[in-house]
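Visitor: structure for the following, please:
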Amino acid sequence: MQGEKYYDVRGLAVLTDHKKAVLMIVQKLVNDGYLSGDSIEDCRGILNDVQSARNLYLKYSIIPEQELILRIRDKLIRIHEKEKYALDKIIMNL
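Guide: Coordinates of the predicted model:
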């Protein structure tokens, strides 16, 4: 264990819960007619990506390969970009 880095999964768990909450809010806005249905798909895709990153971390906790951490990092960067695009689109449609 000496020399290994420790990564805390709680951040990804909180991020997953947050994205679930955002999805519920967007669904409510769509149901009330404030947004179009494609906003739900954008948020659902982001949630799926966050869950995928969390699952990669769980795999890393069993098989600590540095390549998995790099994949998680890349996935989080893509999530950030997708979320920025989705939120800009939501703001423009409100």
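Visitor: all helices for this protein, in order.
Guide: Here the chain has its helices, by DSSP state H, at 10-31, 38-62, 66-93.
Visitor: deepest-packed of those helices, please.
Guide: The highest mean neighbour count among the helices of the chain, using mean count of other C-beta atoms under 10 Å, belongs to helix 38-62: a mean of 16. Quick note: C-beta positions are derived from backbone N, CA and C, even for glycine.
Visitor: name the helices or strands packed onto that one?
Guide: helix 10-31, helix 66-93 (3 or more C-beta pairs under 8 Å, 6 or more residues apart in numbering; DSSP states H and E).
Visitor: now for the last one, which elements pack on it?
Guide: Taking 3+ C-beta pairs under 8 Å, 6+ apart as contact, the helices and strands that helix 66-93 lies on are helix 38-62.
Visitor: coming back round to it: make a markdown table out of the helices of the chain and add mean pLDDT.
Guide: Output for the helices of the chain, formatted as a markdown table (pLDDT from 0 to 100):
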| stretch | mean pLDDT |
| --- | --- |
| helix 10-31 | 96 |
| helix 38-62 | 96 |
| helix 66-93 | 96 |
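Visitor: just the CA atoms of stretch 44-60, as CSV, please.
Guide: Written as CSV, here are the backbone C-alpha positions of stretch 44-60 (Å, rounded to 0.1, in the frame of the first residue of the first chain):
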residue,chain,number,x,y,z
ARG,A,44,-29.7,11.7,-18.5
GLY,A,45,-26.6,11.3,-20.7
ILE,A,46,-24.6,13.3,-18.1
LEU,A,47,-25.9,11.2,-15.3
ASN,A,48,-25.0,8.0,-17.2
ASP,A,49,-21.5,9.3,-17.7
VAL,A,50,-21.1,10.2,-14.0
GLN,A,51,-22.3,6.7,-13.0
SER,A,52,-19.8,5.3,-15.5
ALA,A,53,-17.0,7.3,-13.8
ARG,A,54,-18.1,6.1,-10.4
ASN,A,55,-18.1,2.5,-11.7
LEU,A,56,-14.6,2.9,-13.1
TYR,A,57,-13.5,4.1,-9.7
LEU,A,58,-15.0,1.0,-8.0
LYS,A,59,-13.1,-1.1,-10.5
TYR,A,60,-10.0,0.8,-9.6
